[in-house]
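Asks: Provide a 3D model corresponding to the input given below.
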Amino acid sequence: MDTVEVAGLRIRYRRAGEGPPLVLLHGAYEDSRIWRRQLDALSDRFAVFAWDAPGCGSSDHPPADLTAKDLGDALAGFLREVVPGRPHILGFSMGSGIALELYRNHPSVPASLLLVSAYAGWAGSLPPEEVERRYAQILAELEQPPERFIPAWLPTLFTSRAAPAVVEEASAIMADFHPAGMRALLNASARADYRDVLPAIAVPTLLLYGAEDVRAPLSVAREMHRQIPGSELVIIPDAGHMAALEAPEDFNAEVRRFLAGLSEA
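Replies: Presented below is the predicted three-dimensional model:
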């Protein structure tokens, strides 16, 4: 892994390939290892970057008073230091919120957005009682060892047909979370609302969801599609929230197709 310092934080990241830059932003309880299949498969055409978000993986812990704006600014600083040109930004779940935060304050930076299993922030896509339930659930989990609660996450991330080895890999990555880092990220982003950002998005945008996602269901996907001008919604059959792991061939093919269309435009 490589390292860069951004606003006093050491950010670790992985890079593979050469070509137009594609930046991958992981979700909660994860780090850049979750993108192994994309780093391998997409690096033949793209310079693929996958960061460990502040507080995740091998990156430094952010301050406890981290804000959503701080996260977007940290990503902007990372891109300035590491990524050449205007990158394509692909954010998964929590990472999609960081991508939208980047767009809110740095709209000239992304060449395109690829929002995967995305929300307009929890507060922008979910009922208030569900936002508070999720927030309280994760706060409680941060006081527990991972083996107590990670198994309960897995059925909400994958369908029952997912390969056991894939589920085990995700479980092992999630179990390496850092409680202090995750708490800072949760407090920064749990109540974020990006409904005001969606209609202002003026770059090509792909929305990519698993057909059987129970965390960001298709009702959320369709509302995101309705709100983002000119966006494209693609639904991957037989996949859940973590479609990039459960159906990597289909997922990678859709990313390639979308980006190839931009290069030909």
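
Asks: ramachandran angles for Asp40?
Replies: Main-chain torsions, Asp40, degrees, to the nearest 10: phi -70, psi -50.

Asks: for the residue nearest to Trp51 when sequence neighbours are not counted, which three-state class applies?
Replies: Nearest residue to Trp51, sequence neighbours excluded (Cβ to Cβ, 6 or more residues apart in numbering): Tyr13, at 4.3 Å. C-beta here means a position set from N, CA and C on the backbone, and glycine is covered the same way. Classification of Tyr13 using DSSP: H, G, I helix; E, B strand; the rest coil returns strand.

Asks: ranges for the strands of the stretch 1-150 of the chain?
Replies: Shown for the stretch 1-150 of the chain, the strands assigned by DSSP state E, counting those that start in this stretch span residues 2-6, 9-16, 21-25, 47-51, 88-92, 112-116.

Asks: need the contact partners of the fifth one.
Replies: So that's strand 88-92. Contacts to strand 88-92, defined as Cβ atoms under 8 Å, 6 or more residues apart in numbering, come from residues 20-27, 34, 46, 97-100, 102, 109-118, 242, 244, 255, 259, 262.

Asks: could you list the buried residues of it?
Replies: His88, Ile89, Leu90, Gly91, Phe92 (16 or more other Cβ atoms under 10 Å).

Asks: gap between the third one and Ser117?
Replies: It stands for Leu90. 11 Å (Cβ to Cβ, to the nearest Å).

Asks: for the fourth one, same thing?
Replies: Shown here: Gly91 relative to Ser117, a distance of 9 Å by Cβ to Cβ.

Asks: same deal with the last one?
Replies: Plainly put, Phe92 is 6 Å away from Ser117 if you go by Cβ to Cβ.

Asks: same check, this time on the first one
Replies: From His88 across to Ser117, the span is 17 Å (Cβ to Cβ).

Asks: check Gly230 too.
Replies: 20 Å.

Asks: neighbour count: these two, which is higher?
Replies: Ser117 (29 against 9; other Cβ atoms under 10 Å).

Asks: thought the more buried one was touching Glu212?
Replies: No: contact criterion Cβ atoms under 8 Å: Ser117 and Glu212 do not qualify, at 11.3 Å.

Asks: need the contact list for the closest residue to Gly19 other than its chain neighbours.
Replies: In this structure, Gly19 finds its nearest non-sequential neighbour in Phe46, 4.6 Å apart by Cβ to Cβ, 6+ apart. Contacts for Phe46 (Cβ under 8 Å, 6+ apart) come out as Gly17, Gly19, Pro20, Pro21, Leu22, His88, Leu259.

Asks: show me what contacts the second one?
Replies: Okay, so that is Gly19. With contact set as Cβ under 8 Å, 6+ apart, Gly19 has these partners: Arg45, Phe46, Ala47.

Asks: picking that back up, ok, of the buried residues of strand 88-92, which one's closest to Ser219?
Replies: Relative to Ser219, the closest of those is Phe92; by Cβ to Cβ it sits at 18.8 Å.

Asks: all the helices of the stretch 51-200 of the chain, in order from the start?
Replies: Taking DSSP state H, counting those that start in this stretch, the helices of the stretch 51-200 of the chain run over residues 68-82, 94-105, 122-125, 128-141, 146-157, 164-174, 179-189.

Asks: next, format these as CSV and append mean neighbour count, distance to Ser58 and mean pLDDT.
Replies: Output for those, formatted as CSV (neighbours: other Cβ atoms under 10 Å; distance: least, Cβ to Cβ, whole Å; pLDDT from 0 to 100):
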stretch, mean neighbour count, distance to Ser58, mean pLDDT
helix 68-82, 19, 14, 96
helix 94-105, 25, 17, 97
helix 122-125, 22, 27, 96
helix 128-141, 14, 22, 94
helix 146-157, 15, 17, 95
helix 164-174, 15, 12, 97
helix 179-189, 20, 11, 93
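
Asks: can you say which of those helices is nearest to Ser59?
Replies: helix 179-189 (7.9 Å).
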